[in-house]
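J.: Test case, fold it:
(chains A and B)
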Amino acid sequence: MLELRLLQGGLLKKVLEAMRELVTDANFDCSRSGCSLQAMDSSHVALVALLLRSDGFDHFRCDRNRSMGMNLNHVAKLLRCAGNDDIITLKADDDGDTVTFMFESPKQDKIADFEMKLMDIQSEHLGIPEAEYQAIVKMPSQEFARICRDLSTIGDSVVISVTKEGVKFSTKGDIGSANIVCRQNTTVDKPEESTIIEMKDPVSLTFALRYLISFTKATPLSNTVTVSMSSDLPMVVEYKIADMGYIRYYLAPKIDEDEDQA
Amino acid sequence: MEASRIKDDASFRWTFQIAQVILNGRSRSRDREALGLHENKHQRWRSPATIPLSLPLPLPPTSSVAMGIKGLTKLLSDNAPNAIKEQRFENYSGQKIAIDASMSIYQFLVVVGRNGMETLTNEAGEVTSHLQGMFNRTIRLMEAGIMPVYVFDGQPPELKKQELAKRHVNLKREDAIRDLTVAVEVGDKEGIRKFSKKTVKVTKRHNEDCKRLLRLMGIPVIEVYAVASEDMDSLTFGAPRFVRHLMDPSSRKIPVLEFEVSKILEELKLSMDQFIDLCILSGCDYCNSIKGIGGQTALKLIHWHGCLENILQNINKERYHIPEDWPYKKVRQLFREPNVSSEIPDLRWTAPDEEGLVNFLVNENSFNNKRAIEKIKVAEIKFSQRRLESLFKEGVSTSAPSKRKETRCMLHFPRPARQSRMFRLQTFIVSGPKGGSLKPLIPVLQQRCCEAMSILKN
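T.: Numbering: from 1, shown residues only, chains lettered A, B, ... in the order given. This next block holds a predicted model:
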């Protein structure tokens, strides 16, 4: 028996919106410790990893480890039937092939049950090594989303360079080029509006902007975003989910043009 | 992946059979569109164009006799379904893929721009269908971020020459030419179309043209000896995996099929040597088969007796007639240690030589293809995207699929690799019933991988 109850149902809606553009089908892995998901996009360039710890739920019961395959677009569709302040409960039998979403209105005057068929999805877990990153930038998530959106009007890829001066986003396109520099800034009133750069070595990597734009769909989940980069690793873009866990995106860089492509 | 994923076996096999037809039919109409043939005043249909809708399977005249390993595809789909995977086209982005150039050229000559006896030509009247086809197919692969390597045939091995000679290839072509003349006299349009295709022959000039085109496009070209003759016998030669139907992804209805040798061996419970014996027994290009023994029987015999020698000793000689001086040992030797070129050319994908391309295609061969040159620039960008697996080590799957559900899902990831993918070259043999063995590349890359590892360790 699996039963997860979440008072702030709107959170689940945001989580689904944050993933469904990047991956269509994925396995939700549930265990005693919580709920997780890992999936790559079809071109194997980006990966999303979600963690929702059991203590973040208002009620969490998972008798046996389960891996439930779902089409994320279908789940998102179902969740759109729930109000933003509805209480959402997920239920599944140990040997069943469906999952039930229950939506309760805050006043308890309306209860809706949606049952969805599960899918059989074979997927591979990438072993993601714990790594020390050369540069870690923490910045307001809205600011990051804005930068990605603005640059995408000019070019397809962005060069992100972290130096002592700050973090520079630059792009080139047919109509011209653009550079945005964010400096370290810790002197703001609210801590979530600060930009913090921790750098061991300067890094400069190129990424396809369209993936970054998909990542910024997670902006409503958190006020801040953490971008970690190392020259031999995929970049990590992390949005914390308050009191519950995180959603992390990994993105393989593009090969610099002057590098050997063979 | 699993057989059950493929709805039922019958439709699966059907897909196999028709895929090739659709592939060629589609590539034709698509190529015409892509090239904007109507705008081209030199590259013309010399008779009023009516494009036939149904296109027969264009295979070389030789393939009317079974080529490669007889019935191996069917045998595998029945007995080793897990070795065959449906894949999405995009899954190959960033991967290196070897393509049998000679087979492709043949297909292009048969299909691209053909109308009855007429084909695409340049001002001098020389055929250019192969260049059209090669150019467009390569662009499509590059756009998807796939890194193609074209493999050209070298000398066929001695054993195969005998087999080829038996097939009276040239006799058939002569037949076709005679039939064509008759059809032209009678005015039988259907006949003209049918027989003119059978007269197609890939010449040295076609090969040279294509090599020149590919070099201009910055695509590596390899020439190999002992090219496997049917795609299925590439497996016997030890290609780790190969891909079918890669060229028909735009329809999206036919998934790309990927075969993996290690899985085949696991599923059939055979060793590589036994698998080679199985292929010899079921009939290959290099020697006669035994009458009455097909794939299924061969598989049973191998399971029962273990190897060819034991089978030959124990088999009922009256029921199965074994050809005298059956050269199975030589054939086995050939499969185990193919006569391959040991010099591995440096595989490099370079920027296309735009000026050279324009000169070659537009000036020499009457292309009107500025748009396609622009396309190659677009393809360049995608070439540079790395894949996640090249940066992470793939771990073992921890999410075993739960019970089978009614809903089907098409999301397939490659099986976990036990080694880092960073320096691994994946060998794929693509498209069409001929395939090249890239075996020589494997040891070298493994060695490079080891070297790289030791550098990392130090």
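J.: So for stretch A:107-116, mean pLDDT?
T.: Across stretch A:107-116, the average pLDDT comes to 93.
J.: residues in contact with it?
T.: Contacts with stretch A:107-116, where a contact means C-beta atoms under 8 Å, 6 or more residues apart in numbering or on different chains, come from A:70, A:74-75, A:78, A:81-82, A:98-105. All C-beta atoms are positioned from the backbone trio N, CA, C, and that covers glycine.
J.: from those residues, which single one is nearest chain B?
T.: residue A:98 (8.7 Å; C-beta to the nearest C-beta).
J.: and the closest one, how many neighbours?
T.: 13 (other C-beta atoms under 10 Å in any protein chain shown).
J.: low pLDDT regions in the stretch 151-300 of chain B?
T.: B:153-203, B:222-262, B:282-295 (pLDDT under 70).
J.: For chain A, what is the nearest residue in it?
T.: For the stretch 151-300 of chain B, C-beta to the nearest C-beta, closest residue to chain A: residue B:220, 8.4 Å.
J.: so that residue makes contact with residue B:151?
T.: No: contact criterion C-beta atoms under 8 Å: residue B:220 and residue B:151 do not qualify, at 9.8 Å.
J.: of the two, who's got more company?
T.: The residue with more neighbours, out of residue B:220 and residue B:151, is residue B:151; 25 against 20, by other C-beta under 10 Å.
J.: Any figure for the gap between that one and residue B:107?
T.: The gap separating residue B:151 from residue B:107 is 15 Å, by C-beta to C-beta, to the nearest Å.
J.: Also residue A:164?
T.: Taking C-beta to C-beta, one finds residue A:164 at 58 Å from residue B:107.
J.: higher neighbour count, the two?
T.: The residue with more neighbours, out of residue A:164 and residue B:107, is residue B:107; 29 against 8, by other C-beta under 10 Å.
J.: just checking, what packs against whichever strand or helix holds the more buried one?
T.: Assigned by DSSP states H and E, residue B:107 belongs to helix B:101-111. Identification of packing neighbours for helix B:101-111 by 3 or more C-beta pairs under 8 Å, 6 or more residues apart in numbering or on different chains; DSSP states H and E yields helix B:9-35, helix B:129-143, strand B:147-153, helix B:204-217.
J.: Quick one: mean pLDDT for that helix?
T.: Helix B:101-111 comes out at a mean pLDDT of 72.
J.: Take that helix, keep the C-alpha atoms, and write them as PDB.
T.: The C-alpha trace of helix B:101-111 is given here as PDB (Å, rounded to 0.1, in the frame of the first residue of the first chain):
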ATOM      1  CA  ALA B 101      28.200   3.500 -48.700                       C
ATOM      2  CA  SER B 102      28.100   1.100 -51.600                       C
ATOM      3  CA  MET B 103      24.600  -0.100 -50.700                       C
ATOM      4  CA  SER B 104      23.400   3.500 -50.300                       C
ATOM      5  CA  ILE B 105      24.800   4.500 -53.600                       C
ATOM      6  CA  TYR B 106      22.900   1.600 -55.200                       C
ATOM      7  CA  GLN B 107      19.700   2.600 -53.600                       C
ATOM      8  CA  PHE B 108      20.100   6.200 -54.700                       C
ATOM      9  CA  LEU B 109      20.800   5.200 -58.300                       C
ATOM     10  CA  VAL B 110      17.700   3.100 -58.300                       C
ATOM     11  CA  VAL B 111      15.400   5.500 -56.600                       C
END
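J.: tell me the angle that helix makes with strand B:147-153.
T.: Taking axes from the mean of the first three to the mean of the last three C-alpha atoms, to 10 degrees, one finds that helix B:101-111 is oriented at 90 degrees with respect to strand B:147-153.
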